[in-house]
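# here is the input, now give the coordinates:
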Amino acid sequence: MSKSSTSLLVRGYEVVIGFETHAQLSTASKIFSRAPTAFGAEPNTQACAVDLALPGTLPVMNKGAVERAIQFGLAVGSHVAEESVFARKNYFYPDLPKGYQISQFEIPVVQGGSVEFFLGEEKKSVRLVRAHLEEDAGKSLHEDFIGQSGIDLNRAGTPLLEIVTEPDMRSTAEAVAYAKELHKIVTWIGICDGNMQEGSFRCDANVSVRKPGAPLGTRREIKNLNSFKFMQQAIDFEIRWQIEQIEDGFDIQQATVLFDPDTGETRAMRTKEDAADYRYFPDPDLPPLVIGRDWVERVRSEMAELPRVMAARFVADYGLPEYDATTLTQSQAMAAYFEAVAKACGQPKLASNWVMGEISRRLNQSAGSGEVDFGSLPVSAALLAALIGRIGDGTISNNAAKQVFDALWAGEAAEGDALAQVDSLIAAKGLKQMNDSGALEAIIAEVLAANEKNVAEYRSGKEKAFNALVGQIMKASKGKANPAQVNELLKAKLG
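The predicted model follows:
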């Protein structure tokens, strides 16, 4: 699978989207100096002479940044170049002390690769062009000053990995799903904390539209999308705007645009530069970056199990559908929780259903407060496994299990081991399922006698009448009858 295959037309136009993502690497110091990278310090307190570009200073490569680039390359199946080159990217902003940015151009450290993910239940793949190391610029501050701007150079020199895709995405939903998967990868392997609000994971979306089969349209780049919600809104607006411009007879001009979350609109910031405008040339202060195969293999051996590898193992070891396995590996904490439940209860598909269902629903409800995550769930893996075990052995029904789960989440269980806590709640709430054949047969006989019309309709071929009888039996048993047993006994009675 080389790229996404499904194209969704918007008012007769095909949407084409590519991404450039800046992942701030999780090193303690900057890419070419020893200055710290911690977020939130007072302005201009974490910029040393190298970051300020004082005369006579020279950059020195941060080994930790290189190792993180290697990790990313291995995670997405890229080629890690044995030799790559740093270049000077020339442009003039007040927050760029040197008047150029040290980056990589012709020979990046990471080349090729792909990111695979699910959009609904359809598997997608986006090809990567490259991922290259570079330094971040400083930050211009406008909000706290009237009629002027402030410059904070704390961020100048912070190590970035810029990850560039092919224009493979064909819808906003696909673009957001890709960004979320990339975010998962960089946080899973620990090379980036992924904090979008603090600017650790910044996405630029290149958006164009064209008639099906036509050459690629002129793209506009939406800069610095710092939330998945804004990403969706910005791309949707940009698509509509470009189509309206074309249909009104205007040409699309290549440009860099910003998204305004207050208006929900994009607005042009400047015309888009091409590579020639930056006048790239090899940085004379930095030798080529040489990465031996032994270094790559050492990094590979020290990496944790990758999400795609773990998902494949969940399919092989637990018999899960590929969709389930991919969903359960959204984070290491989620995967570890599922695996603990599956091993303890011996019913991996039920464990998957509960983790993807009730557990994820509760976490989504509490997402705004930030109080609950997989590391602090009120229902431990052992408790959920015990609950699933009681569903599996017929002690309680699925509906009753949800009531027990609610009580566990609320912390209502008495002390004791996990099974004792679950059993105490089942007993206290009177939720134990009726499995006694004799008692069930008596209830079935009463229901059949009181519903002769439904019995006759069923025997004349109306299947709905059977469901009506089951409903009456469940009502008569106050919901405690084992549904599977009821179905079996009822069919035997009706012949």
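# and residue 317, how far from residue 355?
16 Å (Cβ to Cβ, to the nearest Å). Quick note: C-beta positions are derived from backbone N, CA and C, even for glycine.
# between these two, which has more neighbouring residues?
A count of neighbours by other Cβ atoms under 10 Å puts residue 355 above the other of residue 317 and residue 355, at 24 against 12.
# before we move on, what SS does the more buried one have?
Taken by DSSP: H, G, I helix; E, B strand; the rest coil, the conformation at residue 355 corresponds to helix.
# what sits closest to it if chain neighbours are left out?
Nearest residue to residue 355 in three dimensions, chain neighbours excluded: residue 338, at 4.7 Å (Cβ to Cβ, 6 or more residues apart in numbering).
# and for the helix or strand harbouring that neighbour, what's in contact with it?
Assigned by DSSP states H and E, residue 338 belongs to helix 332-345. Under the contact criterion Cβ atoms under 8 Å, 6 or more residues apart in numbering, helix 332-345 has outside partners 188, 304, 307, 310, 314, 318, 328-329, 348, 351-352, 354-355, 359, 373-375, 377, 381-382, 384-386, 388-389, 392.
# in helices, which of those residues appear?
188, 307, 310, 314, 318, 328, 348, 351-352, 354, 381-382, 384-386, 388-389, 392 (DSSP state H).
# for residue 129, which residues are in contact?
112, 164-166.
# closest to residue 151 out of the residues you listed?
Ranked by distance to residue 151 (Cβ to Cβ), these are led by residue 164 at 28.0 Å.
# next, the closest one: phi, psi?
As for residue 164, its main-chain torsions (degrees, to the nearest 10) stand at phi -120, psi 130.
# can you check the one 5 residues further on too?
The phi/psi pair for residue 169 (degrees, to the nearest 10) reads phi -90, psi 140.
# list the beta-bridge partners for it.
residue 17 (DSSP bridges).
# neighbours around it, how many?
Using other Cβ under 10 Å, residue 169 has 28 other residues around it.
# also residue 230?
With other Cβ under 10 Å as criterion, residue 230 counts 18.
# which residues sit in contact with residue 36?
Shown in contact with residue 36 (Cβ under 8 Å, 6+ apart): 28-30, 46.
# kindly recompute the last result at 6 Å.
Under the criterion of Cβ atoms under 6 Å, 6 or more residues apart in numbering, the neighbours of residue 36 are residue 46.
# and it, how far from residue 48?
9 Å.
# of the contacts of residue 129, which is the most crowded?
residue 165 (24 neighbours).
# per-residue confidence for that one?
With respect to pLDDT, residue 165 has a value of 98.
# and for residue 274?
What the model reports for residue 274 is a pLDDT of 69.
# and for the one 10 residues further on?
Model confidence at residue 284, expressed as pLDDT, equals 96.
# which helices and strands does the helix or strand containing residue 22 pack with?
Secondary structure from DSSP H and E places residue 22 in strand 13-24. Using 3 or more Cβ pairs under 6 Å, 6 or more residues apart in numbering; DSSP states H and E, the elements in contact with strand 13-24 are strand 159-165, strand 201-210.
# buried residues in that strand, which are they?
Buried positions in strand 13-24, judged by neighbour count with 16 or more other Cβ atoms under 10 Å: 13-24.
# pLDDT of that strand, averaged?
On average, the pLDDT along strand 13-24 is 97.
# again, but for stretch 209-223
Stretch 209-223 shows a mean pLDDT of 95.
# and stretch 31-42, by the same measure?
Throughout stretch 31-42, pLDDT has a mean value of 95.
# find the centremost residue of the protein, please.
residue 180 (3.5 Å; Cα atoms, centre = their mean).
# surely that one is in a strand?
No - secondary structure assignment (three-state DSSP) places residue 180 in helix, not in a strand.
# the residue lying closest to it once chain neighbours are set aside: neighbour count?
Leaving aside its sequence neighbours, residue 180 sits nearest to residue 228 (Cβ to Cβ, 6+ apart; 6.2 Å). Residue 228 has 16 neighbours, counted by other Cβ under 10 Å.
# next SSE downstream of the strand ranked longest in the chain?
Looking across the chain with DSSP state E, the single longest strand is strand 122-135. Downstream of strand 122-135, the next assigned helix or strand under DSSP H and E is strand 139-141.
# what are the buried residues along that following strand?
Taking 16+ other Cβ under 10 Å as the criterion, strand 139-141 shows none as buried.
# show me the contact partners of that strand.
Outside of strand 139-141, the residues within contact range by Cβ under 6 Å, 6+ apart are 95, 149-150, 152, 155.
# okay, and which of the residues you listed map to strands?
Using DSSP E, the contacts of strand 139-141 in strands are 150, 152.
# buried subset of the contacts of strand 139-141?
95, 152, 155.
# between these, which is nearest residue 219?
If you rank the buried ones among the contacts of strand 139-141 by distance to residue 219 using Cβ to Cβ, residue 95 comes first, at 25.4 Å.
# quick one on the thing from earlier: buried residues in the helix holding residue 338?
332, 334-335, 337-342, 344-345.
# next: stretch 295-304.
If you call a residue buried by 16+ other Cβ under 10 Å, then stretch 295-304 has these buried ones: 295-296, 299, 303.
# which among these gets closest to residue 470?
Comparing those against residue 470 with Cβ to Cβ places residue 303 closest, at 52.6 Å.
# residue contacts, that closest one?
By Cβ under 6 Å, 6+ apart, residue 303 lies in contact with nothing.
# gap between it and residue 297?
Applying Cβ to Cβ, the value for residue 303 to residue 297 is 11 Å.
# what about residue 204, how many neighbours?
Neighbourhood size, residue 204 [other Cβ under 10 Å]: 17.
# tell me who's in contact with it.
Counting by Cβ under 6 Å, 6+ apart, residue 204 touches 20, 221, 223.
# just give me the closest of the residues you listed to residue 137.
Among these, and counting by Cβ to Cβ, the member closest to residue 137 is residue 223, at 12.6 Å.
# do you know the pLDDT at the closest residue to residue 315 other than its chain neighbours?
Distances taken as Cβ to Cβ, 6+ apart put residue 325 closest to residue 315, at 4.9 Å, once the chain neighbours are dropped. Per-residue pLDDT puts residue 325 at 95.
# so who does residue 325 touch?
Going by Cβ under 6 Å, 6+ apart, residue 325 touches 311, 314-315.
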